[in-house]
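Asks: kindly return the folded structure for what I paste below:
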Amino acid sequence: MANAASGMAVHDDCKLKFLELKAKRTYRFIVFKIEEKQKQVVVEKVGKPTDSYEAFTASLPADECRYAVYDFDFVTDENCQKSRIFFIAWSPDTSKVRSKMIYASSKDRFKRELDGIQVELQATDPSEMDLDVIKSRAN
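Replies: This is a model prediction of the structure:
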């Protein structure tokens, strides 16, 4: 089931962990990495339900691309507890051009594998995905 555009397969563990995050809230976040040699997307790191947003952003490398899913809990103006599942395509300006191209060409196919994503965010700099941005996009 390789992606025609980039030839990347999606490891079963990616879908399994995402389902656990979505249904059981086992994780706060999941960071995914493309293993070029194996031509597939794999889980690089998962965050405990108690992990902070700062712990999540700290787990993204400063100069390498990643995909990530973050389960954001918030309270609405009407005082309702809600959550949104964010898909974040992390592509820092300092990462290699080849890496950016591979991640960009594989993104839509990979995202389709994760059924239940509610908000998508593209970030090239930490400020583009700081907590204020997440909050404003969640509503």
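Asks: how about the lengthiest helix in the chain: buried residues?
Replies: The residue-count maximum for a helix in the chain (DSSP state H) belongs to helix 97-113. Neighbour counts using 16 or more other CB atoms under 10 Å place 99-100, 102-103, 106-107, 109-110, 113 of helix 97-113 among the buried residues. No exception for glycine: its C-beta is placed from N, CA and C like everyone else's.
Asks: residues contacting it, please?
Replies: Applying CB atoms under 8 Å, 6 or more residues apart in numbering, the contact partners of helix 97-113 are 3, 5-6, 8, 10, 14-15, 32, 34, 36, 41, 64-67, 87, 89, 91, 117, 120.
Asks: quick check: which element contains the residue nearest the centre of the chain?
Replies: Of all residues in the chain, the one closest to the mean position by CA atoms, centre = their mean is A68, 1.5 Å from it. Using DSSP states H and E, the element containing A68 is strand 66-75.
Asks: check whether the residue located most distally from the centre of the chain sits in a helix, strand or coil.
Replies: Residue distances from the centre of the chain (CA atoms, centre = their mean) peak at E78, which lies 28.2 Å from the mean C-alpha position. Counting by DSSP: H, G, I helix; E, B strand; the rest coil, the backbone at E78 sits in coil.
Asks: on that earlier part again, mean confidence score for the longest helix of the chain?
Replies: Mean pLDDT, helix 97-113: 95.
Asks: and the next element down the chain from that helix?
Replies: strand 119-123.
Asks: and that following strand, what's buried?
Replies: Within strand 119-123, the residues that qualify as buried are 121, 123, counting by 16+ other CB under 10 Å.
Asks: likewise for stretch 57-73?
Replies: When burial is assessed from 16+ other CB under 10 Å, stretch 57-73 yields the following buried residues: 57, 59-60, 64-72.
Asks: next, the distance between the ends of that stretch.
Replies: When the termini of stretch 57-73 are compared using CA to CA, to the nearest Å, they are 16 Å apart.
Asks: stretch 106-120 too?
Replies: Looking at stretch 106-120, the gap from its leading to its trailing residue is 15 Å under the measure CA to CA.
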